[in-house]
Structure formats: structure tokens, C-alpha cells
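Undergrad: Need coordinates for the following:
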Amino acid sequence: MEIVLPQLGESIAEGIIGKWLVVEGDEIDKYQPLLEVITDKVNVEMPAPVSGIITKIVAAEGETVLVGTVIALIATSGQVDIEILETPEVDTIGGFVSGIPAVGPTGAANVPQHNSHEVGNVGNISNFGLSPAVKKLVEKHNINLSELHGTGRSGRVTRKDVEAFLNIEDTTPKDSVDHEIGRQTMDPIRKAIAQNMAQSSADIPDVWLSIETDVTNLVILRESIKDKFLESNGFPITFLAFAVLSVAKGVKEHPIVNSSIEKDEIIAHIGLNMGIAVASSVGLIVPVIKDVFDKSLTSIAAEIYRLVTLANSGNLAHSDVTHGTFTINNTGTLGSNLSKPIIVPGQASIMTTEKINKKPVVMPVDSKKTDLQVQINKQEAIEIRSIMNLCLSFDHRIMDGSHAAGFLNRVKTSMESFGKDTALD
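TA: Alright, predicted model coming up:
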């Protein structure tokens, strides 16, 4: 019987074979995770549609395969219901086969439980989740599972882990080690990111510009409300939330930045679905806040918290990472003062919010504070202000610099207008 790469979502036509969790000859159970698949959206565990023995692994780790491609062969003991092989799209990453709950940390449901009498415990921890082949090896060599380091998803122990444990001694001759050159093969997630970024650089004639924004009043506002906000809502109010709201205001006045291009047509998007770049534990991922135009500052902050939490835990649903129309990246959290972001393929622009720095700025004299200021020509004075750079990359096929600058200046105006009277809901 052939196992094929299923349809992972309507916008995904291929995937990268990340890591096989089984080897040829393994006896597997129905629903048991077979491998990790990497897409440009998220990584996912693919479960076995039936029980049987893996007779051949066709697709190698790191290989990019199209949906519907045969990736492995499995020998089964009986007639397989054809319905099991159908793979309708589901929302939660991890559940590809009809009637099967999601598997692994990216799924939302629980995996069918095994009865405790099926296999006894070896060592100090339960061996639930082990494949039949791994169970046999563990029992044969009387291995204490607590001594094993699982490299599978969520720390699952694989056959390769057991074999590595049984052959701990390094037999590599010391004089054969190359101390001069270090080489590391890209992991599948890094490869997916590389392919996306290369596509963007090759296909999109991008232009970049930056503008300084005085966020002093915003810093004061956030500092005054952040503790009470967290206590009342259970999630923080971040600078990114204010930036997302400001971008929404900019898009309303300059909708061209919220568009895409298809051949010789520019497609204007009515709604604003904003991707937020997250440097998660598994690599760069861009979950999407849907329908930003309809959200308040508080609801935006809630959605940011939800998506970032799910991204870091690997539990994002497919709907959480699709249909983005504009992207924002808070590179300031990394200490960046200026950056040129790469446009997400299929979008027209991307904006970064940079680090907030204290700078001396020439300001008009406030008659109420003249005794505290050093006046210049009796009209201006130098103040210490909180300054943030906003950086925008845009597709020059879709818009000109005047459109991009108009949008960025509108975002700047909004960021500078926040104050004590700002509505949170």
C-alpha cells in the first residue's frame, strides 16, 4: 500500500520531509506518527492511516515533495477501507486523515490511548508512545527509558535513539576529524525559510524606506497602564499592539499597501489580515491576526498573546498562519535600530518597528516649561525623547515611493498621537 503526502491546506502544494520517525522494517500502529513535514507555514507530524510494516521509505529527509507524491510503502494484513485514505483539509495542523484526531504538539485533540496491559513498563517512565519496533528493542536489551534521550516530536523516543544508545562509544578515528571546516546541513525549517526568502528576492523588485517616530507619549501611556492591564486581562499590552492598530489606520487611508499582484493585475484586499513575525523555538514563523479593522487595541493585544504563545509551543492551527495580506515585524525586541525586511511572497509590503532609543531632539518651546528648558533663539529647546524607527519594504511593481511614504507617515502620526485619552476597547 502506498502512503502519499496529503493536502496540508488549500494554499500549500508541497512540503519538505523533515524527519522520519520510523525506519524500514518497523511495525507501526494506526495513528502512530510517521514523520515530520515542513511547509512554509508550520511543521507538522503526519500519522499512519493504517497499521502494518514499513517496507520502503521513498522520500528522503530534506527532500521537497508535491502533495499526492508517494513517500513510503506499507504492508498491511487486511483490506484497507478506501475512506481511510482520503485526506480532506482540516483546520488543525496534524490531522490529515478523515476521522483521526490531531497528533503531536501542533494538534488540538488527544491521540487514541493504549491500554496499559498492552505493553509493560520498562524502567521508571511509561513506554506509551513507543512504536512496536522500539518496544521490542527496549525490552530485548532491558533498557531503562529514563536513560534515553528522545529526539522525536515532544521528546518521543525513536528507534534511532535506542540504536544510538546501544552504540554509545564513538568509533571515529581522532585523526579523521576535520578541525578546520565546520559544515551543517540546513534543517527542513531553515530550508523552507531560505526558499521563501530566495523567491521573494528573485521575484519582487523591492524598495526600502525609513522614518523616525517620536513615541514618547506612547511610552508614558504604556508604562502607566501595563500593570493594571495585565492584572485585568491576563495578557500584556505591548508596543506591537499599538503598532498594529496604527498600521490599520494607515492601510485605511492608503489601501495600496494591502494588496498583491497576479500577472498584470493588482489585487486589492478589502480586509486586513496582519502577519506578525515570531522568532519561535522552531524558527521564524508568521501567524496572522485576522480582520484587524474590526479589532480594538485590547482585542489586538489578546490575539498577539494567543498567537505568539501557540507559535512558541508548536500548537498553531492552519488557519492561524494563512491568508495574511500585510506583515509587521517587531525587530526592536532584538535590539535592531534599522532593518530592511524581506517581503512575504504574495504581499505588497512589510513594516518593522525598531528599538526605542532615548535621543536629544529639538522641540518647540512650551511656554509652560520654559524654566526647565534651554531655549534656542527663544523658540526651540532640546528635550530627551523616545524615538523609534519605522522601516517599510514595498513592491515597486505595485506602488511608488509617494504611496509608501504617505502610508508610513500616517502610521507615524498615529503612533505619535497615543496619550492618556486613548481608548483601549
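Undergrad: And the pLDDT at the residue most central in space within the chain?
TA: Nearest residue to the geometric centre of the chain (C-alpha atoms, centre = their mean): Ile285, 2.0 Å. Listed pLDDT for Ile285 reads 86.
Undergrad: so where's this structure uncertain?
TA: Across the chain, residues meeting the criterion (pLDDT under 70) sit at 8-12, 40-43, 78-133, 152-155, 168-182, 187-189, 282, 366-378.
Undergrad: pull the longest strand from it.
TA: If you go by DSSP state E, the chain has its longest strand at strand 380-395.
Undergrad: Tell me how far the residue nearest to the centre of the chain lies from Glu2.
TA: Using C-beta to C-beta, to the nearest Å, one obtains 31 Å as the distance from Ile285 to Glu2. C-betas here are computed from N, CA, C, even on glycine.
Undergrad: ditto for Ser299
TA: From Ser299 to Glu2 the distance is 46 Å (C-beta to C-beta).
Undergrad: got it, and Phe418?
TA: According to C-beta to C-beta, Phe418 and Glu2 sit 58 Å apart.
Undergrad: try Glu14
TA: In this view, Glu14 and Glu2 are 18 Å apart by C-beta to C-beta.
Undergrad: For burial, what's the neighbour tally of Phe407?
TA: 25 (other C-beta atoms under 10 Å).
Undergrad: quick one: contacts for it?
TA: With C-beta atoms under 8 Å, 6 or more residues apart in numbering as the criterion, the residues that contact Phe407 are 250-251, 253-254, 256-257, 349, 392.
Undergrad: sorry, back to before: may I have the longest strand of the chain as PDB, with CA atoms only?
TA: The C-alpha coordinates for strand 380-395 follow below in PDB (Å, rounded to 0.1, in the frame of the first residue of the first chain):
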ATOM      1  CA  GLU A 380      13.200  76.000  20.400                       C
ATOM      2  CA  ALA A 381      14.700  73.800  23.000                       C
ATOM      3  CA  ILE A 382      16.400  70.400  23.300                       C
ATOM      4  CA  GLU A 383      14.500  67.600  25.000                       C
ATOM      5  CA  ILE A 384      15.200  63.900  25.700                       C
ATOM      6  CA  ARG A 385      12.600  62.000  23.700                       C
ATOM      7  CA  SER A 386      11.800  58.300  23.000                       C
ATOM      8  CA  ILE A 387      12.400  57.700  19.300                       C
ATOM      9  CA  MET A 388      11.600  54.600  17.200                       C
ATOM     10  CA  ASN A 389      12.400  54.000  13.500                       C
ATOM     11  CA  LEU A 390       9.600  52.600  11.300                       C
ATOM     12  CA  CYS A 391      11.000  50.700   8.200                       C
ATOM     13  CA  LEU A 392       9.000  49.700   5.200                       C
ATOM     14  CA  SER A 393       9.900  47.500   2.200                       C
ATOM     15  CA  PHE A 394       7.400  47.600  -0.600                       C
ATOM     16  CA  ASP A 395       6.900  46.100  -4.100                       C
END
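Undergrad: Which parts of this structure are helices?
TA: 132-140, 159-166, 188-203, 216-233, 239-253, 297-313, 401-417 (DSSP state H).
Undergrad: which stretch among those comes nearest Ala381?
TA: Ala381 lies closest to helix 216-233 among the helices of the chain, at 14.3 Å (C-beta to C-beta).
Undergrad: Report the buried residues of the closest one.
TA: 216-219, 221-222, 229 (16 or more other C-beta atoms under 10 Å).
Undergrad: Could you export those residues as TSV, including distance to Leu35?
TA: Below are the buried residues of helix 216-233 laid out as TSV (distance: C-beta to C-beta, whole Å):
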residue	distance to Leu35
Thr216	52
Asn217	52
Leu218	46
Val219	47
Leu221	49
Arg222	44
Phe229	43
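Undergrad: what about Phe418 and Glu2, which has more around it?
TA: Set Phe418 next to Glu2 and count neighbours by other C-beta under 10 Å: Phe418 wins out with 19 against 12.
Undergrad: Nearest residue to that one in space, please, no chain neighbours.
TA: Counting by C-beta to C-beta, 6 or more residues apart in numbering, Leu218 is the residue found nearest to Phe418 once chain neighbours are left out, at 4.4 Å.
Undergrad: go on, Pro236?
TA: That would be Leu230: by C-beta to C-beta, 6+ apart, it lies 5.3 Å from Pro236.
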